[in-house]
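**Student:** this one's structure only:
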């Protein structure tokens with residue numbers, strides 16, 4: 001099956017700068033795929049049967065085989081399953097996979113996997129009146145919480161909480177709460193279900209498979225000989241054939257759904273409304289308006305009036321999960337979770353920009369990191385504008401030009417990549433453990449970057465640039481970092497020494513004087529011999545730069561602290577990530593020394609003569 005879901009104003013929409021995005025809504029029975037080419041615009045929509053594939057990757061490869069000539073960078077999948085971390089094990093299918101492994105196998109830069117009803121909740125704020133069928137009275141309260149549920153192969157449940165700058169969805173498995181019968185008929189249905197399961201949740205009965213159990217239970221209760229029917233056959237038998245048993249099944253089913261919806265409404269305080277999705281209720285059409293659903297929804301005793309004010313809707317628009325998962329992907333790519341005030345400014349000013357400047361704004365919002373790394377020619381090409389347009393965009397925001405914009409933008413662009421830690425397990429493959437080690441390190445570096453004390457780094461660069469002599473004191477794992485620093489600083493013609501023997505620390509420190517610098521490196525910052533040497537160096541008039549934990553005794557003794565606060569138990573494990581962060585500080589200092597305008601004046605004339613360009617060429621980070 002293939003459909004086109006193009007909007008009426010397709011021509012006026014801005015296409016994504018980095019190409020189409022892969023979207024999917026994967027249930028237990030069917031999976032729906034699409035390529036999003038612009039906000040609200042989907043093409044190549046396909047519906048595939050999950051039973052036809054051995055896993056999620058073969059199914060994705062089958063769909064993508066038709067688009068081999070399309071380069072995809074980003075994708076997001078809505079999954080009828082709890083999603084917690086990288087590894088997913090599906091409840092209603094024998095499929096399990098690593099999100100990151102799937103991303104790498106498909107060659108995507110980004111792959112998000114979210115719960116399907118979280119995606120559905122994310123789509124609700126964008127629904128129009130024509131997308132909904134209201135059942136019963138009630139009027140939504142603006143800015144209020146809303147609830148979402150829907151029976152299909154299972155029973156999905158979620159909620160949405162409006163915030164000042166967006167919409168937060170709840171990752172819920174509320175379909176698995178205990179089923180509570182409200183009358184003798186529902187108790188008889190529960191007794192039938194108890195024959196199969198000791199715990200009967202709402203999902204066992206308020207779902208497609210549950211409808212079949214209700215049919216069997218009511219046939220037995222009514223003493224009727226009736227062949228087993230699927231949920232689709234029950235719906236057809238009730239609405240088209242007016243079969244009495246099938247109609248009673250739909251009535252019981254709708255009443256149970258009304259009770260579950262009411263429980264969700266009072267739990268969340270969902271005065272924004274209760275929205276019903278899934279694959280079953282929309283097929284009931286107008287019949288559902290007069291079903292027992294709304295009567296049961298309001299049958300809450302003392303809280304009946306509370307519920308009578310809450311509207312209930314059936315979502316009738318097709319493929320609404322695409323809108324939700326597309327919204328989640330878009331929010332992720334533009335990094336709004338980081339509270340980026342400059343991003344918010346661009347959002348607000350975007351309608352006031354010229355059409356060409358709006359294309360630049362779209363690129364910035366969708367691919368902020370890409371814009372930071374691209375030169376003006378690259379940005380202009382990606383946004384399909386001229387280079388002067390890029391400059392006009394920057395000036396429209398109040399900046400002098402692209403360089404000024406990038407400087408401010410980089411400083412405000414924090415939090416767009418989540419910091420995470422994935423524990424390596426004994427069962428991990430080499431592929432998985434490699435990915436986890438790299439991901440953990442990247443996350444730690446990003447967090448470290450956002451916490452850097454730039455003023456302390458400036459002071460450290462100045463001290464080393466002017467130093468008569470630099471000595472590194474370090475032991476164990478930190479000695480490797482000190483050795484790296486000695487090699488780098490020595491190439492700047494700064495007299496440099498390294499001491500890794502605790503017995504020599506204090507002896508060396510006592511020979512120092514004013515103008516000398518000690519760089520003390522330690523994971524714990526508590527080694528007695530190192531602390532004693534630092535005290536001796538300071539007493540001799542030398543300056544001390546400490547690379548260590550900010551809460552350690554060494555940090556309190558230093559003239560300049562370059563803090564590395566990554567939590568790592570070095571008493572039981574080798575310090576790995578903290579070592580990399582320490583090496584990064586050495587690299588930052590080395591690059592800073594190379595570009596420091598005062599460095600040449602700190603060198604002896606013979607050493608400085610003719611060395612300027614040679615020194616700069618030694619640092620790979622510098623732009624030649």
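**Tutor:** Cool, the structure landed. What you see is a predicted model; the values in this text were computed from it and never measured.
**Student:** contact partners for the nearest residue to residue 315 once chain neighbours are set aside?
**Tutor:** Leaving aside its chain neighbours, residue 315 sits nearest to residue 277 (4.6 Å; criterion: CB to CB, 6 or more residues apart in numbering). The C-beta positions use only the backbone N, C-alpha and C, and glycine is treated the same way. Counting by CB atoms under 8 Å, 6 or more residues apart in numbering, residue 277 makes contact with 117, 120, 148-150, 156, 315, 320-321.
**Student:** I'd like the distance between residue 277 and residue 131.
**Tutor:** 11 Å (CB to CB, to the nearest Å).
**Student:** can you pull the residues that touch both of these two?
**Tutor:** With contacts taken as CB under 8 Å, 6+ apart, residue 277 and residue 131 have 315, 320 as neighbours in common.
**Student:** show me what the helix or strand harbouring residue 156 is packed up against.
**Tutor:** According to DSSP states H and E, residue 156 maps onto strand 155-163. On a contact count with 3 or more CB pairs under 8 Å, 6 or more residues apart in numbering; DSSP states H and E, strand 155-163 meets helix 116-123, strand 146-151, strand 166-169, helix 244-268.
**Student:** and the helix or strand that the last one is followed by, what does it pack against?
**Tutor:** Counting by DSSP H and E, the next helix or strand C-terminal to helix 244-268 is strand 274-276. In this structure, strand 274-276 makes packing contacts with strand 146-151, helix 244-268, strand 312-315, judged by 3+ CB pairs under 8 Å, 6+ apart.
**Student:** now strand 274-276: buried residues?
**Tutor:** 274-276 (16 or more other CB atoms under 10 Å).
**Student:** same question for stretch 38-47.
**Tutor:** Neighbour count says stretch 38-47 has 38-46 buried, by 16+ other CB under 10 Å.
**Student:** and that stretch, average pLDDT?
**Tutor:** This predicted structure assigns stretch 38-47 an average pLDDT of 87.
**Student:** chain neighbours aside, what residue packs nearest to residue 484?
**Tutor:** residue 586 (5.5 Å).
**Student:** number of nearby residues for the one you found?
**Tutor:** 23 (other CB atoms under 10 Å).
**Student:** what is the strand or helix carrying it packed up against?
**Tutor:** Element membership for residue 586, per DSSP H and E: helix 577-595. Judged by 3+ CB pairs under 8 Å, 6+ apart, helix 577-595 is in contact with helix 430-450, helix 454-466, helix 478-491, strand 543-548, helix 612-617.
**Student:** just name the most buried of the ones you listed.
**Tutor:** strand 543-548 (a mean of 27; mean count of other CB atoms under 10 Å).
**Student:** so what angle separates the directions of that one and helix 577-595?
**Tutor:** Following axes from the mean of the first three to the mean of the last three CA atoms, to 10 degrees, one obtains 140 degrees for the angle between strand 543-548 and helix 577-595.
**Student:** for strand 543-548, packing partners?
**Tutor:** Going by 3+ CB pairs under 8 Å, 6+ apart, strand 543-548 lies up against helix 454-466, strand 516-521, helix 528-539, helix 553-557, strand 560-563, helix 577-595.
**Student:** mind running it again at 6 Å?
**Tutor:** Where contact means 3 or more CB pairs under 6 Å, 6 or more residues apart in numbering; DSSP states H and E, strand 543-548 is packed against strand 516-521, helix 528-539, helix 553-557, strand 560-563.
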